[in-house]
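Trainee: Return a 3D structure for these sequence lines:
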Amino acid sequence: MPRNPIDKCDVTWEDRYGTTASGNLPQYNRTKCIEDIIDLNAIHAGGAEWVTIRDFHYFHIKCPYSTEAELHYVLNTNRDSPNFWKVEEIPASELADHTATGGMMIRYAKGNKYGWLCVDPDCPFFINNGQRYFYR
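Mentor: Next up, the predicted model:
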């Protein structure tokens, strides 16, 4: 192990931690790193310049309008609809790949309401409504 802390980035995981480190070696990683999934340049170009990589370091909720999500349900908030305030499934034709965020939403506060906000510029909800999908 190098004594200079700057040089420790130049050594392999095995040399830094030893081969007995339980589960920390790269071959045991089961998920991708957040920095490899998130495309901040695309998010900033889509109008969310205030978003940073730290906004994605919370528990991950997937946008229901993304194909990456397992559940595609939203509340109907249209007051003129007979299904007002009922849970409805989003049709498959309204789902899209969220290429800049991998479908992940960020932790966000709207006044005193805390929830999750989709900042992906390819989100169909954002494209159709001009506002970002917010879930609480």
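
Trainee: Nearest residue to the residue most central in space within the chain in space, please, no chain neighbours.
Mentor: Central residue of the chain (Cα atoms, centre = their mean): Met104, 1.8 Å from the mean position. The shortest distance from Met104 to any non-neighbouring residue, by Cβ to Cβ, 6 or more residues apart in numbering, is to His60 (5.0 Å). Using the backbone N, CA and C atoms, a C-beta is placed for each residue, glycine as well.

Trainee: Do I have it right that the one you found meets Arg107?
Mentor: No - the pair His60 / Arg107 is not scored as a contact, 9.9 Å apart, by Cβ atoms under 8 Å.

Trainee: Hmm, Glu35 and His57 touching each other?
Mentor: No - the pair His57 / Glu35 is not scored as a contact, 10.0 Å apart, by Cβ under 8 Å.

Trainee: lowest average confidence, helix or strand, in the protein?
Mentor: helix 13-17 (a mean of 63; mean pLDDT, DSSP states H and E).

Trainee: So which residues of the protein form strands?
Mentor: Ranges of strands in the chain, per DSSP state E, are 73-75, 87-89, 106-110, 113-117, 134-135.

Trainee: which secondary structure elements does the first one contact?
Mentor: Here strand 73-75 touches strand 87-89, going by 3 or more Cβ pairs under 8 Å, 6 or more residues apart in numbering; DSSP states H and E.

Trainee: Ok, which of the strands of the chain comes nearest Gly47?
Mentor: strand 113-117 (12.6 Å; Cβ to Cβ).
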